[in-house]
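Novice: Sharing a sequence plus its predicted fold:
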Amino acid sequence: MKPTIFLLCFLMAGLGMQSVRAENVVQITSPATAVNMMRKTNTRYVIKCVVNLKQKRLTVPSGCTLEFVSGGQIVSGYLTGNKTRIEGETDGIFRYTNISGTFDVPEISTRMFEKVTYENALKDVMALANAEVHNTVTIEALPDGQTYEVSTDEGRDIIHVPSNTDVVLHGTIKMVGSSEENYSIFCVDRAENVSFSGDGTIIGDRASHMGESGEWGMGINIVGSKKVHVTGLTISDCWGDCIYVGRSNGVESSDVEIDNCLLTGSRRQGISVVACYGAEMHDLDIHDIHGTDPQAAIDVEPNAGDTCSGAWIRNVTVRNCYLGIIGTTPGDALSKITDIHIEDCDVESEVLGLNAENCNLFEVKRTSVKAEYSGLRSHISTVSLDSCIFSPYEGKKLESDIIVLWDVYLEARNSEFHGNKFIDNPKATPASKRMMVANNQIFCPVELKMQAGQFIGNVITSEQTPMLNLILGNGNVIRDNTLIYTGEDHPEQLIDVQTTGNSVTNNTFEYLLAKIMPPSTTKQEEADKTNIYTLNGQLFRHHDSTKTLNLPPGNYIVERRKVCIKPKIRN
């Protein structure tokens, strides 16, 4: 045998050993025989006619492909896939077709359904997705302002999104009125690698809800899932939260990102983060959150036994919400918040701008906060403020104080504070340990309860006295501050140190009324004996000998005739 012939025979035999078999192809041309013809596994069925299931179920054998050509459809019944592939001309191939089973369709679109205006049609669209396949599910905008209607009639969670699915929403999804206390329009439950994008809208049933109880109706519910991204959507008017992030069957979520969304009009929250390791929320517009407590734009609040760790909130605008951004725990030994970071946000809330309770770290940078009641309230937390501005809501006078603390370690640097009082410590609370307040502009009196703290390099401008009041705590350093008194009446006392063992030095007092007579030596009050001053006791006396200006010695007083901040000078 010639070598070339021998080689050819050898190759042919080798190919035969691989059992390569051509795919079976069956042409479906008759509606009457279509269902009976679709019985074989590993077969390509070319559908050239309208297959009317007449409300019966067609279960596709395993390993098959449904190839649609022009005019081919499956309508009016139940289609169950078995790792079924769909190919060909796929626009409008289903009409009133209930989808179940498993499919292998990487690109899924509402265009595949001739009719999608029936209630819960999107459940059939999403049923084509498979966690074992990387799917893109595109929900197109409907003509003439039509919406996709969804309801809870068939289950509490309406549209389940499996792993490895990208949902691209261009249309508007609207929930039909329900009496359910607990529901979600989209549910991502113990899934991973899921994204929501597009320019579409999700609308809850707040306006049409039947009943008044419950607070758990969610637009997007992310539980026990990881690597989930939500971007570009508008979510509004949910009975509970626009977006909820929590746990499922003991599994906490992780690596969740929410950005470039408009969240508005829901009753309970814009976003709730209840159990998550790594939640990033940025470039968001959240407004008009009212109805049932807490009513916050963003609430990082673990349930009992849960943990929230690594919450990053950046470039978020909050308007007309009852509460702004809050982090709080129920106070049990197992639930905890390790760290919340807020940067470059603009918060305007009706009651409270920021709230931190039982937070290991609550860090705020370059953020503007306006509130009607209080800018920041905190309890048993470590709070860091840097380059922030706190002021009353829409020019109103704060009903409480700018910052209210209970047993908090506070660092406040390079920030501005406008309001009634810089810090209020309720009388029953202990002094905050190791507080650091440095290089801030404070446009109101300051009241401190601090232990071994530092109040350094601040400028206080106020018409009220005392301008600086240390009411509890020892071992504090108060130095290098400037106190600018703008009141029209003679100040009896600019600084009041009510405790002992403190260092109050090198502070400058700018007095805007009249000449100050040269200081005369006097004995310190008994309560001040253990405070450390740089000079012996001094008493600054006003030209009216019946009025005195009291301040710790070793500090400086400057008479000013002009002031840019708030001129109130007598001629």
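Specialist: Okay, I see it.

Novice: quick one: contacts for residue 403?
Specialist: Residue 403 makes contacts with 374-378, 390, 410, 412, 417, 422-424, as judged by Cβ atoms under 8 Å, 6 or more residues apart in numbering. To be clear about C-beta, it is placed using only N, CA and C from the backbone, and glycine gets the same treatment.

Novice: Residue 278: which of those residues is nearest?
Specialist: Set against residue 278, the nearest of the contacts of residue 403 by Cβ to Cβ is residue 378 (23.5 Å).

Novice: which stretch of helix or strand covers the closest one?
Specialist: For residue 378, the host element (DSSP states H and E) is strand 374-379.

Novice: now residue 369
Specialist: strand 368-371.

Novice: Show the average pLDDT along that strand.
Specialist: Average pLDDT, strand 368-371: 92.

Novice: With stretch 108-115 instead?
Specialist: Averaging pLDDT along stretch 108-115 gives 97.

Novice: Now the closest residue to residue 111 other than its chain neighbours, what are its backbone angles?
Specialist: Leaving out its chain neighbours, the residue that sits closest to residue 111 by Cβ to Cβ, 6 or more residues apart in numbering is residue 91, at 4.9 Å. When read as degrees, to the nearest 10, the backbone of residue 91 gives phi -70, psi 130.

Novice: For the closest residue to residue 182 other than its chain neighbours, list the residues it contacts.
Specialist: Spatial nearest neighbour of residue 182, excluding adjacent residues (Cβ to Cβ, 6+ apart): residue 216 at 4.0 Å. Residues in contact with residue 216 (Cβ under 8 Å, 6+ apart) are 181-183, 239-241, 244.

Novice: which residues of the chain score low on pLDDT?
Specialist: Along the chain, the model assigns pLDDT under 70 to residues 1-23, 153-155, 394-400, 424-429, 490-492, 511-571.

Novice: Have a look at it and report its longest strand.
Specialist: The strand that spans the most residues within the chain, counting by DSSP state E, is strand 307-327.

Novice: Identify each buried residue in it, please.
Specialist: Using 16 or more other Cβ atoms under 10 Å as the burial criterion, the residues of strand 307-327 that qualify are 307-309, 311-319, 321-327.

Novice: what inclination does it have with respect to strand 374-379?
Specialist: Counting by axes from the mean of the first three to the mean of the last three Cα atoms, to 10 degrees, strand 307-327 points 150 degrees away from the direction of strand 374-379.

Novice: Direction included, what does strand 307-327 pair against?
Specialist: Under the criterion DSSP bridges, strand 307-327 sits next to strand 276-287 (parallel), strand 296-300 (parallel), strand 336-337 (parallel), strand 340-343 (parallel), strand 346-357 (parallel) in its sheet.

Novice: Just the CA coordinates for it, please, in CSV.
Specialist: Output of strand 307-327 as CSV, limited to C-alpha atoms (Å, rounded to 0.1, in the frame of the first residue of the first chain):
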residue,chain,number,x,y,z
THR,A,307,-23.0,42.7,60.3
CYS,A,308,-22.5,45.7,58.0
SER,A,309,-18.9,46.2,57.1
GLY,A,310,-17.3,48.6,54.6
ALA,A,311,-20.2,50.9,53.6
TRP,A,312,-18.9,53.6,51.3
ILE,A,313,-21.3,56.5,50.4
ARG,A,314,-20.0,59.1,47.9
ASN,A,315,-21.4,61.9,45.9
VAL,A,316,-25.0,61.4,47.1
THR,A,317,-27.6,64.1,47.0
VAL,A,318,-30.4,63.9,49.6
ARG,A,319,-33.4,66.2,49.4
ASN,A,320,-36.7,66.3,51.3
CYS,A,321,-36.2,63.1,53.3
TYR,A,322,-37.2,62.7,56.9
LEU,A,323,-33.7,61.4,57.8
GLY,A,324,-30.5,61.7,55.8
ILE,A,325,-27.8,59.1,56.1
ILE,A,326,-27.9,56.9,59.2
GLY,A,327,-25.9,54.0,60.7
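
Novice: Could you check how far residue 50 is from residue 447?
Specialist: Residue 50 sits 79 Å away from residue 447, going by Cβ to Cβ, to the nearest Å.

Novice: neighbour count winner among the two?
Specialist: residue 447 (19 against 14; other Cβ atoms under 10 Å).
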